[in-house]
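Trainee: let's see this in three dimensions:
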Amino acid sequence: MEIRIGDSVDEMGREAAAAGAAKLRAALEARGEAAIIVATGASQFSMLAALVEEPDIAWNRVTVFHLDEYVGLPIDHPASFRKYLWERFESRLPLPVRAFHYIDAEHDPHAECDRLASLISPVSVDVAFIGIGENGHIAFNDPPADFDTVMPYLVVDLDDACRRQQHGEGWFPSFEEVPTRAISMSVREIMRSKAVVCTVPDERKARAVRDAVEGAVTPDVPASILQQHSDCALHLDTAAASLLSRT
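Mentor: Have a look, this model is predicted:
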């Protein structure tokens, strides 16, 4: 993995957005269209704020796929990732995107996985903008993650560490209110992207970053699979990089 360390969260976000935007422009120039995956959560605030400001992107020729969403959570809930992506990303773009495939997990999550699979399977995704969770997850693939499934989207159970993170970040008033299931893009589907731009701030992510970068590739640290991607850039702030032995 290529590792870049910003002096601040804002610098980290700007560098990640610029790196991903460059790949997006190249895809648009080469093919006339492009596709991206976007993540949510507090770790993506600065990157998304910078990405919507990147110049010279023909967003009307870009298809966007949503990474994960809680099962049963209405779109008007403060923690809804659909709400998050509309407010922090899609509504701020200078042009409407070609298509934005949100995950609707309110009703029949398994049927929604099938619908999303039919949409993403024929597509070559140019850039996946993702993060890493405190427990090492990518998307909502908590440890031990399924590295083998070929299904693009899965209904997954959220472990307690993941749910504590969501409560700790202030998305839910109590731990008990954090949903126990979600729809998540699978590990193999994320790895199918041509490029991965992974943005990870904060000292509370430092152990997960260290294990993902310097440890063995294992389902017990889902983000460690990124070591095997041919074009993965890991954008950190100094706090998230603080446990790396080769900073």
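Trainee: strands along the protein, start to end?
Mentor: 2-6, 34-38, 62-66, 68-70, 99-101, 127-130, 153-157, 181-185, 195-200, 232-237 (DSSP state E).
Trainee: nearest residue to Phe140 in space, please, no chain neighbours.
Mentor: Closest residue to Phe140 apart from its sequence neighbours, by Cβ to Cβ, 6 or more residues apart in numbering: Ser184 at 3.7 Å. Quick note: C-beta positions are derived from backbone N, CA and C, even for glycine.
Trainee: so that neighbour sits against Val156, correct?
Mentor: Yes - counting by Cβ atoms under 8 Å, Ser184 does reach Val156; the two are 4.9 Å apart.
Trainee: what's the overlap in contacts for these two?
Mentor: Each of 140-141 lies in contact with both Ser184 and Val156 under the rule Cβ atoms under 8 Å, 6 or more residues apart in numbering.
Trainee: neighbour count: those two, which is higher?
Mentor: Applying other Cβ atoms under 10 Å to Ser184 and Val156 shows that Ser184 carries more neighbours, namely 27 against 23.
Trainee: which residues touch the more buried one?
Mentor: 67-68, 139-141, 153-154, 156.
Trainee: go again using 7 Å as the cut-off
Mentor: Listed by Cβ atoms under 7 Å, 6 or more residues apart in numbering, the contact partners of Ser184 are 68, 139-141, 153-154, 156.
Trainee: what's across from Arg181 in the sheet?
Mentor: Asp157 (DSSP bridges).
Trainee: that one against Asp159, yeah?
Mentor: No - if you go by Cβ atoms under 7 Å, Arg181 and Asp159 don't touch, sitting 11.3 Å apart.
Trainee: now stretch 233-247: buried residues?
Mentor: 233-244 (16 or more other Cβ atoms under 10 Å).
Trainee: what is the nearest of those to Val9?
Mentor: Asp237 (5.1 Å; Cβ to Cβ).
Trainee: measure that closest one to Val178 for me?
Mentor: Separation of Asp237 from Val178 (Cβ to Cβ, to the nearest Å): 25 Å.
Trainee: also Ala145?
Mentor: 19 Å.
Trainee: more neighbours: the two, which one.
Mentor: Shown here are Ala145 and Val178; by other Cβ under 10 Å, Ala145 has more neighbours (25 against 20).
Trainee: stretch 97-109: how far from the chain's middle?
Mentor: Taking Cα atoms, centre = their mean, to the nearest Å, one finds the center of stretch 97-109 at 15 Å from the center of the full chain.
Trainee: before we move on, what about stretch 73-92?
Mentor: 14 Å.
Trainee: ok, which stretches of the chain are helices?
Mentor: Taking DSSP state H as the criterion, the chain carries its helices at 9-31, 45-51, 81-88, 109-120, 160-168, 187-191, 206-214.
Trainee: can you pull the buried residues of the fifth one?
Mentor: For helix 160-168, the neighbour count (16+ other Cβ under 10 Å) marks 162-163, 165-167 as buried.
Trainee: where does pLDDT dip in the chain?
Mentor: In the predicted model of the chain, residues 246-247 satisfy pLDDT under 70.
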